[in-house]
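*Asks:* Model the following, please.
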Amino acid sequence: MNRLYVISGVAGMTGNELVRQILTDDSRDHVVGFDNFFASSIETVKDRIDDERFDFFEYDLNRRDQMEQIERIVLSKRGGVDETVYINCAAVVHTEHFYHVYETFETNVEGMNGFLQQAVRVGAEKFINCSTSEVYSMNSWNENGGVREDDYITMADAEHSQRTSYATGKLLTEFFIKDAVDAGKIKGCSIRFANVYSRNERFAKHIIPYIINSLKKDGKVVLLENSKKNRRTFLNNYDSCSAVLALVNTDSALDGTIYNVATDEEISIIELAKLCARKMGIDSPVIEFSGYRESDPERRLLSTEKIRSRTGWRANVSLDKGLGECIRNYLREGEA
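*Replies:* Sure thing, here's the model as predicted:
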């Protein structure tokens, strides 16, 4: 089988690694991808930009004229493939934007729905919606193997913080895809990712690149007061993308429902900073605390039983290995 993949946010953490995993040496697939570089860079896909199987466009999901052009391109290529798969990776994901209602709504809600409706119009067979574990909000863990997809959730609202506006928008997209699948318009599902990290991330906004770059620059790191209690699991983007493709390859799993994708390696933010320091040869890192983030859950631990049982997917990159790759890559860039 050969597939046509249409990927939004293709230069982001999930999108760029998807291109690598799709366009292997013996692959007959083709990727049409676009990104507006709001939180990414062409550098992340430069190793694939000359591949004749990859058509890249510096386009914005929220520009109607550009999305109409993507639709025309897809229609021109559909005749030569067995299956067309849309994957929505575009998202205003950095934590600093979680509190900005309008920035997140346009891309994460309106943009996603427009992309889904395009997939339906062109007759695409499948649609994968990249959502977020942020939707679990204040119910983001339990002692029984982690929070499950069918557990009820309690979200912080506008009385508490604007943060959950981002999660609320992502939650709405899960209803969009479920509605389309239930109506028989397309096969698909939503994925709630844990904290994803990548050795190719170019902007030090997420916690892992922030810690590494702070230690590299100053030998110390300043964390939020929340970090004295917070614990998280961290998912390498190799594993997040292998989960996407595992779902693409499992038709029975594309029933419009939700899948957690995470690891079981829970770690405190303080221990994360210390682990990064040890790997960088810093024996006694200075860790300071400043600032506080409202509506920030102390833990986020997700059950992955559903995706494991339905597709056989497993996370393969340990945090130790993944951090080592990040550190080597960031230090190498600093020497260039």
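
*Asks:* can you pull the buried residues of stretch 250-257?
*Replies:* Going by neighbour count (16 or more other Cβ atoms under 10 Å), the buried part of stretch 250-257 is 253, 254, 256, 257. Any C-beta I mention is one placed from the backbone N, CA and C, and that applies to glycine too.

*Asks:* for the residues you listed, which one is nearest residue 71?
*Replies:* When the buried residues of stretch 250-257 are ranked by distance to residue 71 (Cβ to Cβ), residue 254 comes first, at 21.8 Å.

*Asks:* My guess is the closest one contacts residue 188. True?
*Replies:* Yes - counting by Cβ atoms under 8 Å, residue 254 does reach residue 188; the two are 5.4 Å apart.

*Asks:* circling back to that earlier point, could the buried residues of stretch 250-257 go into TSV alongside pLDDT and secondary structure?
*Replies:* Shown next, in TSV, are these (pLDDT from 0 to 100; DSSP: H, G, I helix; E, B strand; the rest coil):
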residue	pLDDT	secondary structure
253	98	helix
254	98	coil
256	98	strand
257	98	strand
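
*Asks:* Find residues that contact each of residue 254 and residue 188.
*Replies:* Counting by Cβ atoms under 8 Å, 6 or more residues apart in numbering, the shared contacts of residue 254 and residue 188 are 126, 181.

*Asks:* Farthest-apart pair in the buried residues of stretch 250-257, please.
*Replies:* Comparing every pair within those by Cβ to Cβ identifies 253 and 256 as the most remote, at 10.2 Å.

*Asks:* tell me, what's touching the two both at once?
*Replies:* Both residue 253 and residue 256 are in contact with residue 189, where contact means Cβ under 8 Å, 6+ apart.

*Asks:* now, among the buried residues of stretch 250-257, which is nearest to residue 192?
*Replies:* Closest approach between these and residue 192, by Cβ to Cβ: residue 257, at 10.9 Å.

*Asks:* follow-up on the earlier one: present the buried residues of stretch 250-257 as a markdown table; the columns should include distance to residue 210.
*Replies:* Formatted as a markdown table, the buried residues of stretch 250-257 follow (distance: Cβ to Cβ, whole Å):
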| residue | distance to residue 210 |
| --- | --- |
| 253 | 34 |
| 254 | 35 |
| 256 | 36 |
| 257 | 33 |
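
*Asks:* which one of the residues you listed is nearest residue 141?
*Replies:* The closest of these, once distances to residue 141 are taken by Cβ to Cβ, is residue 257, at 20.8 Å.

*Asks:* how far away is the closest residue in space to the closest one that isn't next to it in sequence from residue 128?
*Replies:* Spatial nearest neighbour of residue 257, excluding adjacent residues (Cβ to Cβ, 6 or more residues apart in numbering): residue 189 at 5.9 Å. Going from residue 189 to residue 128 by Cβ to Cβ, to the nearest Å gives 7 Å.

*Asks:* overlap in contacts of those two?
*Replies:* Contact criterion Cβ under 8 Å, 6+ apart; residues shared by residue 189 and residue 128: residue 247.

*Asks:* Let me see the ranges of the helices in the stretch 1-150 of the chain.
*Replies:* Secondary structure of the stretch 1-150 of the chain (DSSP state H, counting those that start in this stretch): helices at 13-22, 64-77, 101-105, 112-122.

*Asks:* lowest-confidence stretch among these?
*Replies:* Lowest mean pLDDT of the helices of the stretch 1-150 of the chain: helix 101-105, a mean of 80.

*Asks:* The helix or strand bottoming out on mean pLDDT in the chain: how far from the chain's middle?
*Replies:* Of all helical and strand segments in the chain, the minimum by mean pLDDT, DSSP states H and E falls on helix 101-105, at a mean of 80. Centroid separation for helix 101-105 versus its chain: 17 Å, with Cα atoms, centre = their mean, to the nearest Å.

*Asks:* So which elements touch that helix?
*Replies:* Helices and strands touching helix 101-105, by 3 or more Cβ pairs under 8 Å, 6 or more residues apart in numbering; DSSP states H and E, are helix 164-182.

*Asks:* Show me which residues of the helix it packs on are buried.
*Replies:* Using 16+ other Cβ under 10 Å as the test for burial, helix 164-182 gives 164-174, 176-178, 180-181.

*Asks:* So which elements touch it?
*Replies:* Packed against helix 164-182 by the contact rule (3+ Cβ pairs under 8 Å, 6+ apart) you find helix 101-105, helix 112-122, strand 126-130, strand 187-193, strand 255-261.

*Asks:* want to throw the ones you listed into CSV with distance to residue 217?
*Replies:* Formatted as CSV, the helices and strands packed on helix 164-182 follow (distance: least, Cβ to Cβ, whole Å):
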stretch, distance to residue 217
helix 101-105, 28
helix 112-122, 36
strand 126-130, 31
strand 187-193, 28
strand 255-261, 32
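
*Asks:* So for residue 159, which of those sits nearest?
*Replies:* For the helices and strands packed on helix 164-182, the distance to residue 159 is smallest for helix 101-105, at 14.7 Å, taking Cβ to Cβ.
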